[in-house]
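# following is a predicted model, sequence given first.
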Amino acid sequence: MTCAFDLDHYRELLEAAKAGGYRFTLFDREPRAGDLLLRHDVDLSLDAALEMAELEAGVGVKATYFLMTRSEFYNLGAPSGDAAIERLRGLGHRVGLHAVHPDAAIDERFDPVLAWHNPDPGYMTEPVEGAVNVMQPGFFDAEHYRSDSNQRWRHGCPHEQLARGELQWLQLLVHPEIWVFPGRTMGETMLAMLDAERERRLDRLRADRIDL
Ligand SMILES: [Zn+2]
Ligand SMILES: [Zn+2]
């Protein structure tokens, strides 16, 4: 098994966690032994989030998707944003806010759960009024946390440890874009995402009755 950042290995990772006996839980209570909190910070692409969400639903897995209202890359306020939220919920996933500090305004589209985008250490683990901060004590500590940021696992890909049930519980942060778009490096993957984005925008232009 190669630990590639692609959907085949993502599926293997989920199957490994199931084989290890983990329960896929949400951020509505503090984690206990045997829990796997699957967290998706959606930084760049709603399409990638939806593709990952469909795969997860196909293998019976639930996750929490953290979506941005202030993204530089997608517009959650557009009809496509509404449709994305509806689809994610329809597949059984939860939707939280991927917040840009200090704006923690959680409206009716979101569950009361928040993950800061690129947080500074000064507020990263501080509790937030009216919502669970995924990095607050009880939900987060370094020993029970793995992240795929920039296609680099700081402690290696966790699939083997999950398959063996070695981690008491885990908050696993997975960024959909870097698994859904092809590429052997983060740079290649981002260029593939931009190619797909160009096609998506061309479709949008046609739908907007722009003569191409
Ligand atoms: Zn792996
Ligand atoms: Zn982020």
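Arrived safely. Ligands and ions are numbered 1, 2, ... in the order given.
# hmm, Trp153 and Leu173 touching each other?
No: Leu173 is beyond contact range of Trp153, at 10.5 Å (criterion: C-beta atoms under 8 Å). Where C-beta positions appear, they are placed from N, C-alpha and C, glycine not excepted.
# so where do the strands sit in this protein?
Secondary structure of the chain (DSSP state E): strands at 23-25, 35-41, 64-67, 94-99, 113-116, 132-133, 145-147, 170-173.
# who in the protein is up against ligand 1?
Listed as neighbours of ligand 1 in the chain under the rule C-beta under 5 Å from the ion: 3, 157, 159.
# gap between Pro176 and Tyr10?
9 Å (C-beta to C-beta, to the nearest Å).
# can you count the residues close to the residue nearest to Met1 when sequence neighbours are not counted?
Leaving aside its chain neighbours, Met1 sits nearest to Glu12 (6.2 Å; criterion: C-beta to C-beta, 6 or more residues apart in numbering). Residues near Glu12, counting by other C-beta atoms under 10 Å, number 18.
# show me which of Pro176 and Tyr10 is the more surrounded one.
Pro176 (26 against 21).
# low-confidence ranges in the protein?
By pLDDT under 70, the chain has no low-scoring segment.
# the helices in it, which residues?
Secondary structure of the chain (DSSP state H): helices at 7-19, 46-58, 79-90, 121-124, 159-163, 177-180, 186-207.
# now do the buried residues in the first one.
By neighbour count, and taking 16 or more other C-beta atoms under 10 Å as the criterion, the buried residues in helix 7-19 are 9-14, 16-18.
# try the third one
Going by neighbour count (16+ other C-beta under 10 Å), the buried part of helix 79-90 is 81, 84-85, 87-88.
# thinking again about what came up before, identify the contacts common to Leu173 and Trp153.
Counting by C-beta atoms under 8 Å, 6 or more residues apart in numbering, the shared contacts of Leu173 and Trp153 are 146-147.
# between these two, which one's more packed in?
The neighbour comparison of Leu173 against Trp153 (other C-beta under 10 Å) goes to Leu173, with 18 against 14.
# tell me who's in contact with that one.
By C-beta under 8 Å, 6+ apart, the contact set of Leu173 is 39-41, 145-149.
# Throw those into CSV and include distance to Met193 and neighbour count, thanks.
Below are those laid out as CSV (distance: C-beta to C-beta, whole Å; neighbours: other C-beta atoms under 10 Å):
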residue, distance to Met193, neighbour count
Arg39, 20, 25
His40, 15, 26
Asp41, 15, 25
Tyr145, 25, 19
Arg146, 23, 19
Ser147, 19, 16
Asp148, 15, 19
Ser149, 16, 15
